[in-house]
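Colleague: below is the sequence, then the predicted model.
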Amino acid sequence: MSFTLARPARHELVIKKSRFIACIEAVTGREEAQARVAQLKAEHPDAAHVCWALVAGGQSAANDDGEPGGTAGRPMLEVLRHQHLEGVMASVVRYFGGVKLGAGGLVRAYTDAVAQALLTTDKVALVKKTQLACSVPYALEGLVRRELETGQAQLTGVKHGTLVSLYFELPETQASTLLERLSESGRGQLVWIDEDQSA
């Protein structure tokens with residue numbers, strides 16, 4: 001099972017006069033991650049490095065931002081993967097304190113900064129959702145709305161025309177039960193909409 005974060009996390013370490021400021025947050029993909037890195041660089045113009053790692057399916061990435069290869073981004077990425085996170089980026093802003101840490105010291109510093117930040121927030125299970133849509137006569141709109149509420153589906157849109165079209169999403173694991181119940185209670189008047197064709 002994959003997880004995301006309940007809220008962004010932040011932690012600061014000082015190791016041999018170097019400051020490591022870790023920020024962990026949920027992002028949608030590489031574009032948002034790169035925008036966040038640019039924002040951090042603007043906020044910390046005197047920082048020596050802004051290293052980052054992203055776990056987001058096929059868009060996962062690790063960037064050392066000038067640190068020796070494999071000493072920052074990759075270790076940070078491993079911490080995120082070890083925690084089974086998805087759609088999460090870790091960034092660490094480093095202010096160089098004048099003392100070189102060596103490859104092993106850098107790996108430990110970046111790993112610890114991210115791991116310590118993660119201890120300050122909660123993980124939330126990622127639930128895969130499915131989007132569905134149906135059309136019903138006006139007389140059945142209330143019934144369908146009640147079924148959606150009972151089935152813990154979230155109504156995402158309603159269109160009133162000749163019929164009422166209801167768009168909703170719910171956890172994939174609950175979809176078949178709700179489909180069955182709606183089809184049954186719709187008394188043959190409920191029509192499922194293929195969302196690709198309705199766009």
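Modeller: Good, I have the coordinates.

Colleague: could you export stretch 128-144 as CSV, CA atoms only?
Modeller: The C-alpha trace of stretch 128-144 is given here as CSV (Å, rounded to 0.1, in the frame of the first residue of the first chain):
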residue,chain,number,x,y,z
LYS,A,128,-7.4,4.5,-5.6
LYS,A,129,-10.6,6.1,-6.7
THR,A,130,-12.8,5.5,-9.7
GLN,A,131,-15.0,8.1,-11.4
LEU,A,132,-18.5,7.1,-12.5
ALA,A,133,-21.5,8.8,-14.0
CYS,A,134,-25.2,8.0,-14.6
SER,A,135,-28.3,9.6,-15.9
VAL,A,136,-31.8,9.2,-14.3
PRO,A,137,-35.2,10.8,-14.6
TYR,A,138,-35.8,13.6,-12.2
ALA,A,139,-38.0,11.4,-10.0
LEU,A,140,-35.0,9.2,-9.2
GLU,A,141,-32.5,12.0,-8.4
GLY,A,142,-33.1,11.9,-4.7
LEU,A,143,-32.8,8.1,-4.5
VAL,A,144,-29.5,8.2,-6.4
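
Colleague: and for it, what's in contact with it?
Modeller: Around stretch 128-144, the neighbours that count as contacts under CB atoms under 8 Å, 6 or more residues apart in numbering are 153, 156, 163-172, 175, 178-179, 182, 185-187, 189-193, 195, 198. Yep, even glycine has a C-beta here, placed from its N, CA and C like the rest.

Colleague: kindly give a single ChimeraX line that selects the buried subset of the residues you listed.
Modeller: Applying 16 or more other CB atoms under 10 Å to the contacts of stretch 128-144, the buried members can be selected in ChimeraX as follows:
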select :153,163,164,165,166,167,168,169,170,175,178,179,182,186,190,193
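
Colleague: okay, and which of the contacts of stretch 128-144 map to strands?
Modeller: Judged by DSSP state E, the subset of the contacts of stretch 128-144 located in strands is 156, 164-171, 191-192.

Colleague: for residue 124, which residues make a bridge with it?
Modeller: Taking DSSP bridges as the rule, residue 124 bridges to residue 4.

Colleague: so which one of the ones in strands among the contacts of stretch 128-144 is the model least confident about?
Modeller: Checking pLDDT across the ones in strands among the contacts of stretch 128-144, the minimum falls on residue 171 at 80.

Colleague: adding distance to residue 61, write the ones in strands among the contacts of stretch 128-144 out as TSV.
Modeller: TSV is the format used below for the ones in strands among the contacts of stretch 128-144 (distance: CB to CB, whole Å):
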residue	distance to residue 61
156	31
164	44
165	40
166	39
167	34
168	34
169	29
170	32
171	29
191	44
192	39
